[in-house]
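[1] A predicted structure for the sequence below; I have some questions about it.
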Amino acid sequence: MQQGELANPFQPARGRPANGAIRQPAIDWEQRYRLAVITSDTAATAFVVAAIGIFFGARDSANWHEKWGILAFGTELLVLGALAVSRSWAPAVLGQGAEEFRRLGRALFTAAVVLALGGIALASRNIKLWIFVAIPAIALVTMTARYLLRLWLHKQRKEGRCLRPVLAAGSPATVRDLITRTRKFPHLGWRVEAVCTTDSPGLDGDRLDGVPVVGRLTDVAGHVRRNGYRVVAVTPDPHWSPDRLQRLAWNLEGSDAEMIVAPVLMEVAGPRLHVDAVLGIPLLRVSMPTFTGGRRAVKEVVDRMGAAVLLMLFAPLMVLVGLLVLMDSRGGAVYRQRRVGKDGREFTIFKFRTMVAGADGARAELADRNEGAGLLFKLHRDPRVTRVGSVLRRYSIDELPQLFNVLTGSMSLVGPRPPLPEESAAYGPDIRRRLLVKPGLTGLWQISGRSDLPWEEAVRLDLRYVEDWSLALDTVILWKTLRAVLQGQGAY
């Protein structure tokens, strides 16, 4: 039995995968994880409403039942009902991506609106407390609990457990790419255990990148029913005509398998994808990226207010760091550099100085030792970095002065990495799309490896952010940035 494949003696095996191992049904752990999330949300909501009802209601004990008990119980039912209606507990969104938190936020916002309307209708004087204190507190506690559950799930997946067994069906090239991605990102929860593909050169016997090739594309449904795969991942191949895809979907009916079709637009996802039925034909509609409008205005407000709050919180630390930089080496405490921002406009970025004075002039002498990917210049052991500077870089403390850039509007809290003018000048038309939005203090590149990322991967992440930006994605990135900074991985 392979690592992470747990046998349950009290349940019959759903099937035997091509590698011969007995697999516990994936549906078991999915149900347990969903139950854990529902229990967590219920307990967190009950704790918050009970704490508020008891604390504030104790001052009015004579009418506690009428004014506080009913409101507390009603708020509990309203929040849980909103979570159920918004499908915040759907297994497909639990444990990965920003959609889980987007649905959670939408449900809590709906609950707050209904509470407000109910308070107006009943002329309740205490409703403001539940709208502006209880609902935000519930959001904080439930999101924290879900994030902790997600960390546990990702840890299990990295150890080979809690993975959905996948049958991949498509051309050898696209299936190989899928196998590579699932192995690189195990936290996504897929493990390709079998492949159905067309005959093509490049296959290693009956295996594709170590995964058994169990049949042709016409054999997919039969293998799924015999072996109990949880996901059928259909990747691009000329074989897949609309009629054949429809027949495959019909043949999979009644099984536990989820059919997922990878579109040609592989890097477009999130709120930009919509499925419409036009004249009875299902069409995948891709809306244009949004660079203006209400959501962008909200992002601007959050950026400015967030930067102001963070500057006040980190002011003592920034003063201390500035003094340490001045004491460690000659030169100023703050380093200024020209960077390229939105629409190609240059601005001056602020950072704590981490190198010796005159470091820019010495860069040419180190050009032959460059270890950076693509257009980036990086050295793991840069002789120009000071002792204090190495610590500041490891934990990204040197970037705190960029909060002034966010406050003045030249940067955002979340966005693509701000490039140097010489880097921007070498951009091709596709990479220049990074300049359609403001650069960020953090971004997908920050939480995905920072300087350890290959150039192509860093560009792909930046373009993905530009194309699929959302407020929920920003929230997830900001949350994950804290862990990436504390770990110090990929920073030098």
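    Good, I have the coordinates. Just so you know, these numbers come straight off a predicted model, no measurement behind them.

[2] what about the strand or helix carrying residue 183, average pLDDT?
    Element membership for residue 183, per DSSP states H and E: helix 172-184. Rounded to a whole number, the mean pLDDT of helix 172-184 is 88.

[3] and the strands in this structure, which stretches?
    Ranges of strands within the chain are 164-170, 190-197, 207-208, 211-215, 231-234, 258-261, 273-278, 281-286, 334-340, 346-352, 412-414, 440-442, based on DSSP state E.

[4] quick one on the thing from earlier: what is the helix holding residue 183 packed up against?
    Counting contacts by 3 or more Cβ pairs under 8 Å, 6 or more residues apart in numbering; DSSP states H and E, helix 172-184 packs against strand 164-170, strand 190-197, strand 207-208. Glycine gets a C-beta too; all of them are placed from N, C-alpha and C.

[5] is it possible to get TSV of those that adds distance to residue 340?
    Shown next, in TSV, are the helices and strands packed on helix 172-184 (distance: least, Cβ to Cβ, whole Å):
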stretch	distance to residue 340
strand 164-170	39
strand 190-197	37
strand 207-208	42
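
[6] can you tell me the closest non-neighbouring residue to residue 407?
    Residue nearest to residue 407 in three dimensions, not counting chain neighbours: residue 307, with 4.2 Å by Cβ to Cβ, 6 or more residues apart in numbering.

[7] burial check on residue 208, number of neighbours?
    When counting by other Cβ atoms under 10 Å, one arrives at 21 neighbours for residue 208.

[8] just give the closest residue to residue 459, not the sequence neighbours.
    Once flanking residues are discounted, residue 459 sits nearest to residue 431: 5.7 Å by Cβ to Cβ, 6+ apart.

[9] on the pLDDT front, check the one you found for me.
    pLDDT, residue 431: 83.

[10] distance of it relative to residue 47?
    Applying Cβ to Cβ, to the nearest Å, the value for residue 431 to residue 47 is 48 Å.

[11] more crowded one of those two?
    Set side by side, residue 431 and residue 47 show more neighbours around residue 431, with 19 against 13, by other Cβ under 10 Å.

[12] got the contact list for the nearest residue to residue 302 once chain neighbours are set aside?
    Ranked by Cβ to Cβ, 6+ apart and with sequence neighbours excluded, the top spatial neighbour of residue 302 is residue 413, at 7.2 Å. Residues in contact with residue 413 (Cβ atoms under 8 Å, 6 or more residues apart in numbering) are 302, 303, 306, 307, 406, 440, 441, 442, 474, 478.

[13] residues near the closest residue to residue 47 other than its chain neighbours, how many?
    With Cβ to Cβ, 6+ apart as the criterion, residue 47 has its nearest non-adjacent residue at 7.0 Å, and that residue is residue 141. Using other Cβ under 10 Å, residue 141 has 17 neighbouring residues.

[14] now stretch 175-182: buried residues?
    The neighbour-count check on stretch 175-182 (16 or more other Cβ atoms under 10 Å) flags 175, 176, 177, 178, 179, 182 as buried.

[15] from the residues you listed, which is closest to residue 195?
    Residue 195 lies nearest to residue 175 out of the buried residues of stretch 175-182, by Cβ to Cβ, at 5.5 Å.

[16] ok, that closest one touching residue 194?
    No: counting by Cβ atoms under 8 Å, residue 175 stays clear of residue 194, with 10.4 Å between them.

[17] let's have the strands of the chain in TSV, adding distance to residue 381.
    Supplementary listing: the strands of the chain in TSV, determined by distance: least, Cβ to Cβ, whole Å:
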stretch	distance to residue 381
strand 164-170	41
strand 190-197	38
strand 207-208	40
strand 211-215	39
strand 231-234	42
strand 258-261	44
strand 273-278	44
strand 281-286	45
strand 334-340	20
strand 346-352	20
strand 412-414	30
strand 440-442	25
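
[18] between the ones you listed, which one is nearest to residue 457?
    Relative to residue 457, the nearest member of those by Cβ to Cβ is strand 440-442, separated by 16.6 Å.

[19] and the contacts of that closest one?
    Under the criterion Cβ under 8 Å, 6+ apart, residues 399, 402-403, 405-406, 411-418, 477-478, 481 lie in contact with strand 440-442.

[20] please name the strands paired to that strand in the sheet, noting orientation.
    Partners of strand 440-442 in the sheet, by DSSP bridges, are strand 412-414 (parallel).

[21] rounded mean pLDDT for the partner strand, please.
    94.

[22] can you check stretch 248-268 too?
    Averaged across stretch 248-268, the pLDDT comes to 76.

[23] enumerate every residue touching the residue lying closest to residue 357 once chain neighbours are set aside.
    Closest residue to residue 357 apart from its sequence neighbours, by Cβ to Cβ, 6+ apart: residue 331 at 3.7 Å. Shown in contact with residue 331 (Cβ under 8 Å, 6+ apart): 353, 356, 357.

[24] the longest helix in the chain is where?
    Ordering each helix of the chain by length in residues (DSSP state H) puts helix 294-328 first.

[25] what's the angle from that one to strand 334-340?
    Between helix 294-328 and strand 334-340, the angle comes out at 140 degrees (axes from the mean of the first three to the mean of the last three Cα atoms, to 10 degrees).

[26] helix 294-328: which residues count as buried?
    299, 302-304, 306-307, 310-311, 318, 321-322, 324-325, 328.

[27] of those, which is the nearest to residue 101?
    Nearest to residue 101 among the buried residues of helix 294-328, counting by Cβ to Cβ, is residue 302 at 15.2 Å.

[28] quick check: the gap between the closest one and residue 474.
    Counting by Cβ to Cβ - residue 302 and residue 474 are separated by 8 Å.

[29] and residue 131, by the same measure?
    Distance of residue 131 to residue 474, computed by Cβ to Cβ: 24 Å.

[30] then residue 352?
    Residue 352 sits 25 Å away from residue 474 when distances are taken as Cβ to Cβ.

[31] in the stretch 101-250 of the chain, what spans have low per-residue confidence?
    122-125, 199-205 (pLDDT under 70).

[32] I'd like to know how many residues surround residue 251.
    Neighbour tally, residue 251, other Cβ under 10 Å: 16.

[33] pretty sure it contacts residue 221?
    Yes: the pair residue 251 / residue 221 is scored as a contact, 3.6 Å apart, by Cβ under 8 Å.

[34] how near is residue 300 to residue 466?
    17 Å.

[35] coming back round to it: which strands and helices sit next to the longest helix of the chain?
    By 3+ Cβ pairs under 8 Å, 6+ apart, helix 294-328 packs against strand 346-352, helix 387-394, helix 402-408, strand 412-414, helix 471-487.

[36] what's next to the longest one, contact-wise?
    Looking back up the chat, that one is helix 471-487. 98-99, 101-102, 105, 147, 270, 295, 298-299, 302, 395-396, 413-414, 442-444, 446-447, 450, 465.
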